[in-house]
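**Student:** My questions concern the predicted model and sequence given below.
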Amino acid sequence: MATETCSLLSVGQSEYGAAPSMISALEAVDPVTLTWHNISIQARKSGKRILENVSGIAKPGQLLALMGASGAGKTTLLNMLLSRNLKGLDTNGSVKVNGHELGRRITAISGYAQQDELFVGTLTVKEYLDIQAKLRVNGDADKRRRRVANVMSQLGLYKCQNTRIGAIGGQKGISGGEMRRLTFACELLSNPSVLFCDEPTTGLDSFMAESVVQVLSTLAKSGRTVICTIHQPSSQLYLMFDRVMFMAGGKTAFLGSPKDAIQVETRLIRSISNDFFQFFEDAGFTCPRNFNPADLIIHTLAVMPNEEDKCRQRIEVICTKFQNSSYGRTLKIGVEKTDEGQRPSERRKTGILTQIGALLQRSAIDTWRNPSLTRAKVIQKSIMGLFVGLLYLQSPLTSIGISNLNGALFYLVCELTYSTIFGILNFLPTDFPLVSREYHDGLYSVFSYYVARCLSYLPLFTADGLIMLLVSYWLVGFSNSLVQVLFACLIAFLIEQSSSACGIMISCISPSLPIAMSTAGPLLTLLSLTGGLYANVGALPSYISWIQYLSWFRYGFEAFAINQWSSVNEPNSTIWTEAKRDSVLSQLSFHADMFYPDLVIMSAFILVFYSIGYLGLAYRVSKAR
Ligand SMILES: Nc1ncnc2c1ncn2[C@@H]1O[C@H](COP(=O)(O)OP(=O)(O)OP(=O)(O)O)[C@@H](O)[C@H]1O
């Protein structure tokens, strides 16, 4: 195990700004040699061969670039090395870390910077890294602070540490290059021995692309094994890699080193041809002067439309030549002769409470910085409360007044349900890509995410209902003894929680938001129609009647009604008897002794809905590999 701390100059420190007092060195890692041997991958359904006997080796201290035309198999190889995203594929061959097959456990020693960046855009760079550190660094607050300071310093993120990350189509935040460096920074917090990057320079201008490859090169020099896929690098970038692997038609066309000591631009291509490019020239494909070598090779290895047979033949020639060349033989020996070395130490997950705390903090900041939902709900519920209050203003205890009060109670049940459920159906779609990625990166369990996310919704989806209830309560003239008001608040809470738990459940088990929406609509119609106001629950036909027992509309309405009619406001309270209460309730086929069972049943609904939602989410996240 490595014990020394590498002392590197921070990448672009002066350019991007760094805190001078901070330690600007990356912590040491266990050196890792990654080998892959005879990897063959086939699509299960179509039988299409995606990779064929691909072998390779990546060593600590080296930056290896996987290159090739589109469809060559670069991403599939990267996924195989990481043992993820292999759904629907049959795989063969072995991937070894210091001679050990780790399988999925490779995530515990590696970082994977994926091409599409997923962040919580409302957070600043520093806040995001602090929370990531809580999820990735096992240790005390001081260790986390140092790790964050180190990676910010190494990746030149100090200057933008207080800038919000921003989101595409939303608030503008940090630049594309800074986002890419933030992705690496998150991965580096775990101090991985191996770093995988999928197309790290795509979408960046040449200056940004160079700075990103410079970062990767520096990370490799710190003793890490860095592997990235890359599309058409410029001549300059191309020379920054320690090793390049060219792929074509799912095979290895070359794995070796490009020349890196080129001083004069005009000599660049000829100089490369001395070593790396020599192989392609020997195969009969010469590189013209002033031509970007990577461009030429990728072009040579591409399968052109309308010339497929010719291209495939050419690829076959090159791949066979490579296998029989000294490069191919050296590679074969290197891969086969890798002895078992020390198993690198694996990152341990942080505790479940730490995970929940960090995720809750992230959600809370996001909600706080995104006040539109909160504001909309509070305003909407205040207006609805006022409207209900004015509509049923001080209803008298006449038969019409009693019926109005029951109508007001049922309306409250509906309002607590509909806006909650449709407000929460978006629970998963927005979060899902980030959650499933972070879960597969080994940052936290689905349970931690689920608990934190549900808790983060709780205050808003409780307060809004109570605001509506309390705004309307005295206006309508509901029974206002302290006990009745408190019970009314509890009932409103249980109704709103039943709705949000049901919304979360539907969101977690539906494959998409439109399906969730079209499930929720008819379901709520059924549940509200059997809730007790539109049709008397005692007179429903038997083939429909059972639905009422699945309806929190019914239990919530019954509990509200029992609470309301158990006693009434002065001066009528003295003449209000149990018989009168029972008579009002019996009009609705409700029973006074069902009050506590109603509360218990709604609590059970909440538990069951949350549990099903959790199981649905866990299943979907596990399948999203
Ligand atoms: N699950 C799958 N089922 C069927 N075919 C697949 C599957 N995954 C990948 N392929 C096919 O395998 C080939 C290689 O895909 P891959 O994404 O690895 O290529 P790539 O070199 O990374 O391409 P690009 O540079 O365009 O991202 C493609 O033809 C792709 O359509």
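**Tutor:** That came in fine, so what should we check first? Numbers count the residues shown, from 1 in each chain.
**Student:** Could I get the contacting residues of the residue nearest to Ala302 when sequence neighbours are not counted?
**Tutor:** What sits nearest to Ala302 in space, not counting adjacent residues and going by CB to CB, 6 or more residues apart in numbering, is Ala69, at 3.6 Å. For every residue, glycine as well, the C-beta is placed using N, CA and C. By CB atoms under 8 Å, 6 or more residues apart in numbering, the residues touching Ala69 are Ala248, Ile298, His299, Leu301, Ala302, Val303.
**Student:** Neighbours of the third one, how many?
**Tutor:** A count of nearby residues for His299, using other CB atoms under 10 Å, gives 14.
**Student:** what's the helix or strand for it?
**Tutor:** Per DSSP states H and E, His299 falls inside helix 293-301.
**Student:** Quick one: mean pLDDT for that helix?
**Tutor:** Here helix 293-301 scores 73 as its mean pLDDT.
**Student:** for stretch 237-250, same thing?
**Tutor:** Confidence over stretch 237-250 (mean pLDDT, whole number) is 86.
**Student:** Off-centre distance for that stretch?
**Tutor:** The chain centroid and the centroid of stretch 237-250 are separated by 30 Å under CA atoms, centre = their mean, to the nearest Å.
**Student:** what comes up buried for it?
**Tutor:** Across stretch 237-250, burial judged by 16 or more other CB atoms under 10 Å covers 237-250.
**Student:** mind checking the SS state of Gly93?
**Tutor:** On the three-state scheme (DSSP: H, G, I helix; E, B strand; the rest coil), Gly93 is labelled strand.
**Student:** Chain neighbours aside, what residue packs nearest to it?
**Tutor:** Nearest non-adjacent residue to Gly93, counting by CB to CB, 6+ apart: Ile39, 3.7 Å away.
**Student:** what lines up beside the host helix or strand of that neighbour in the sheet?
**Tutor:** Assigned by DSSP H and E, Ile39 falls within strand 34-43. Strand pairing for strand 34-43, determined by DSSP bridges: strand 49-58 (antiparallel), strand 89-97 (antiparallel).
**Student:** show me what contacts the residue nearest in space to the middle of the chain?
**Tutor:** In the chain, the residue lying closest to the centroid (CA atoms, centre = their mean) is Leu434, at 1.1 Å. Counting by CB under 8 Å, 6+ apart, Leu434 touches Leu118, Phe119, Val120.
**Student:** between those, which is nearest the ligand?
**Tutor:** Of all the contacts of Leu434, the ligand sits closest to Leu118, with 18.1 Å by CB to the nearest ligand atom.
**Student:** Sticking with the nearest residue to that closest one once chain neighbours are set aside, tell me its helix or strand.
**Tutor:** Leaving aside its sequence neighbours, Leu118 sits nearest to Leu434 (CB to CB, 6+ apart; 4.4 Å). Using DSSP H and E, Leu434 maps to helix 432-440.
**Student:** Return that helix as CSV; C-alpha atoms alone will do.
**Tutor:** Extracted C-alpha coordinates of helix 432-440, given in CSV (Å, rounded to 0.1, in the frame of the first residue of the first chain):
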residue,chain,number,x,y,z
PHE,A,432,-33.9,9.2,-10.9
PRO,A,433,-30.9,9.6,-13.1
LEU,A,434,-28.8,11.1,-10.3
VAL,A,435,-30.0,8.6,-7.7
SER,A,436,-29.4,5.6,-9.8
ARG,A,437,-25.9,6.8,-10.8
GLU,A,438,-24.9,7.7,-7.2
TYR,A,439,-26.4,4.4,-5.9
HIS,A,440,-24.3,2.4,-8.5
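**Student:** Buried residues of the helix or strand just after it, list them for me.
**Tutor:** Next helix or strand after helix 432-440 toward the C-terminus (DSSP H and E): helix 446-457. For helix 446-457, a neighbour-count test (16+ other CB under 10 Å) marks Val446, Ser448, Tyr449, Tyr450, Val451, Ala452, Arg453, Cys454, Ser456, Tyr457 as buried.
**Student:** now those as JSON lines including distance to Leu469 and pLDDT?
**Tutor:** Shown next, in JSON lines, are the buried residues of helix 446-457 (distance: CB to CB, whole Å; pLDDT from 0 to 100):
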{"residue": "Val446", "distance to Leu469": "34", "pLDDT": "94"}
{"residue": "Ser448", "distance to Leu469": "32", "pLDDT": "95"}
{"residue": "Tyr449", "distance to Leu469": "31", "pLDDT": "94"}
{"residue": "Tyr450", "distance to Leu469": "28", "pLDDT": "94"}
{"residue": "Val451", "distance to Leu469": "27", "pLDDT": "95"}
{"residue": "Ala452", "distance to Leu469": "27", "pLDDT": "93"}
{"residue": "Arg453", "distance to Leu469": "25", "pLDDT": "91"}
{"residue": "Cys454", "distance to Leu469": "22", "pLDDT": "92"}
{"residue": "Ser456", "distance to Leu469": "22", "pLDDT": "89"}
{"residue": "Tyr457", "distance to Leu469": "18", "pLDDT": "88"}
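**Student:** ok, back up a step: do me a favour and average the pLDDT over whichever helix or strand comes after the helix holding His299.
**Tutor:** Once the chain leaves helix 293-301, the next helix or strand it forms, by DSSP H and E, is helix 308-324. Throughout helix 308-324, pLDDT has a mean value of 81.
**Student:** where do the helices sit along the stretch 101-250 of the chain?
**Tutor:** 125-136, 141-154, 176-189, 206-221, 235-238 (DSSP state H, counting those that start in this stretch).
**Student:** what's the least confident stretch among those helices?
**Tutor:** When I compare the helices of the stretch 101-250 of the chain, helix 235-238 is least confident, with a mean of 79.
**Student:** pull the CA atoms of stretch 391-408 into PDB?
**Tutor:** Below are the C-alpha coordinates for stretch 391-408, written out as PDB (Å, rounded to 0.1, in the frame of the first residue of the first chain):
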ATOM      1  CA  LEU A 391     -68.400  29.900   0.500                       C
ATOM      2  CA  TYR A 392     -69.600  28.200   3.700                       C
ATOM      3  CA  LEU A 393     -69.300  31.400   5.900                       C
ATOM      4  CA  GLN A 394     -70.600  30.700   9.400                       C
ATOM      5  CA  SER A 395     -73.000  27.900   8.300                       C
ATOM      6  CA  PRO A 396     -75.900  27.700  10.800                       C
ATOM      7  CA  LEU A 397     -76.900  24.300  12.400                       C
ATOM      8  CA  THR A 398     -80.000  23.900  10.200                       C
ATOM      9  CA  SER A 399     -80.300  20.900   8.000                       C
ATOM     10  CA  ILE A 400     -79.000  22.900   5.000                       C
ATOM     11  CA  GLY A 401     -76.200  24.300   7.200                       C
ATOM     12  CA  ILE A 402     -75.200  20.800   8.400                       C
ATOM     13  CA  SER A 403     -75.200  19.500   4.900                       C
ATOM     14  CA  ASN A 404     -73.000  22.500   3.900                       C
ATOM     15  CA  LEU A 405     -70.600  21.800   6.700                       C
ATOM     16  CA  ASN A 406     -70.300  18.200   5.500                       C
ATOM     17  CA  GLY A 407     -69.700  19.500   2.000                       C
ATOM     18  CA  ALA A 408     -67.000  21.800   3.300                       C
END
